[in-house]
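Participant: sharing a sequence plus its predicted fold:
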Amino acid sequence: MDCPVCKEPMVVLELNETEIDHCVSCHGIWLDAGELEILLGDPDGRDAFLSSFKTEDSTSEKPRKCPICDNRMKKVLCGEPGMIRLDRCPGGDGIWFDKGELEAVLELASFGKDRRVLNLLRDMFGKGAH
């Protein structure tokens with residue numbers, strides 16, 4: 001699969017028994033449908049957190065194409081309004097995280113509990129790398 005940002009081939013890595021696609025050029029991460037839910041764990045906190053994602057109708061950020069279906073992805077805001085802007089496939093194929101965004105999302109969604117997945121991510125790439 002090619003990166004939706006720089007078009008370079010991505011490598012598949014395993015994070016908490018979940019395959020993630022990582023671009024070694026721009027350091028973005030693609031999560032297929034359902035993989036973010038697995039990484040977030042805690043069903044109650046996870047569902048509330050994911051329901052907070054809101055589609056952003058207008059932005060100056062360049063639209064990207066889904067690396068699976070090639071459709072233009074939607075910009076979604078995560079956390080406090082405007083805090084983290086992600087790219088989500090309108091067909092539900094997955095979510096694109098630019099460098100540092102997955103770490104920021106996992107930090108927001110730690111629900112004050114186990115931060116094992118966040119720590120694994122930091123071990124893989126270094127703190128602040130993703």
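Facilitator: That came through, no problem.
Participant: not counting residues beside it along the chain, what's closest to the residue nearest the centre of the chain?
Facilitator: Centroid-nearest residue in the chain: residue 97, 3.9 Å away (criterion: CA atoms, centre = their mean). The shortest distance from residue 97 to any non-neighbouring residue, by CB to CB, 6 or more residues apart in numbering, is to residue 29 (4.6 Å). From N, CA and C alone the C-beta is placed, and that goes for glycine too.
Participant: distance of the residue nearest to residue 79 when sequence neighbours are not counted relative to residue 78?
Facilitator: Leaving aside its sequence neighbours, residue 79 sits nearest to residue 108 (CB to CB, 6+ apart; 4.8 Å). Taking CB to CB, to the nearest Å as the measure, residue 108 and residue 78 are separated by 7 Å.
Participant: comparing those two, which residue is more hemmed in?
Facilitator: More crowded of residue 108 and residue 78, by other CB atoms under 10 Å: residue 78, with 23 against 15.
Participant: pretty sure that one is touching residue 56, no?
Facilitator: No: judged on CB atoms under 8 Å, residue 78 makes no contact with residue 56 at a distance of 10.3 Å.
Participant: now do the shared contacts for the two.
Facilitator: Common contacts of residue 78 and residue 56 (CB atoms under 8 Å, 6 or more residues apart in numbering): residue 85.
Participant: contact partners for the residue nearest to the centre of the chain?
Facilitator: Contacts for residue 97 (CB under 8 Å, 6+ apart) come out as 28-31, 86, 105, 130.
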